[in-house]
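Peer 1: next comes the sequence, and after it the predicted model I'd like to discuss.
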Amino acid sequence: MEIKVLGTGCPKCKTLVEATRKAVAELGVNANIVKEEDIVKIMNSGVMRTPALVIDGKVVLYGRVPNMEELKEIITKNS
């Protein structure tokens, strides 16, 4: 599974990256986590509000940082 966190480096984007790493570790999911900061690539994903979470090419969350339980649910549902 590939998980991308889209964001230009704002505090919320950094928080989502760390939370995603923690959630993946706690779930024991085999995932490659990538941080995408290129604004052109972010916009090409159709995301206008960051941070955003993309799992295997599908935007599953944008514009906010979910709590840990919701994040785990999103990852499990889309794995």
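Peer 2: The structure has been received and is ready for your questions.
Peer 1: so how far is residue 79 from the residue most central in space within the chain?
Peer 2: Among the residues of the chain, residue 53 comes closest to the average C-alpha position under C-alpha atoms, centre = their mean, at 2.8 Å. As for residue 53, its distance to residue 79 is 13 Å (criterion: C-beta to C-beta, to the nearest Å). To be clear about C-beta, it is placed using only N, CA and C from the backbone, and glycine gets the same treatment.
Peer 1: wait, is the residue nearest to the centre of the chain part of a helix?
Peer 2: No. Following the definition DSSP: H, G, I helix; E, B strand; the rest coil, residue 53 is strand and is not counted among the residues of a helix.
Peer 1: for it, give me its contacts.
Peer 2: For residue 53, the residues meeting the contact criterion (C-beta atoms under 8 Å, 6 or more residues apart in numbering) are 3-6, 16, 20, 59-62, 74.
Peer 1: would you mind checking those for buried ones?
Peer 2: By the neighbour-count criterion of 16 or more other C-beta atoms under 10 Å, these include these buried positions: 3-6, 16, 20, 61-62, 74.
Peer 1: and which of those residues is nearest to residue 38?
Peer 2: Compare each of these with residue 38 using C-beta to C-beta and the shortest gap goes to residue 6, at 9.1 Å.
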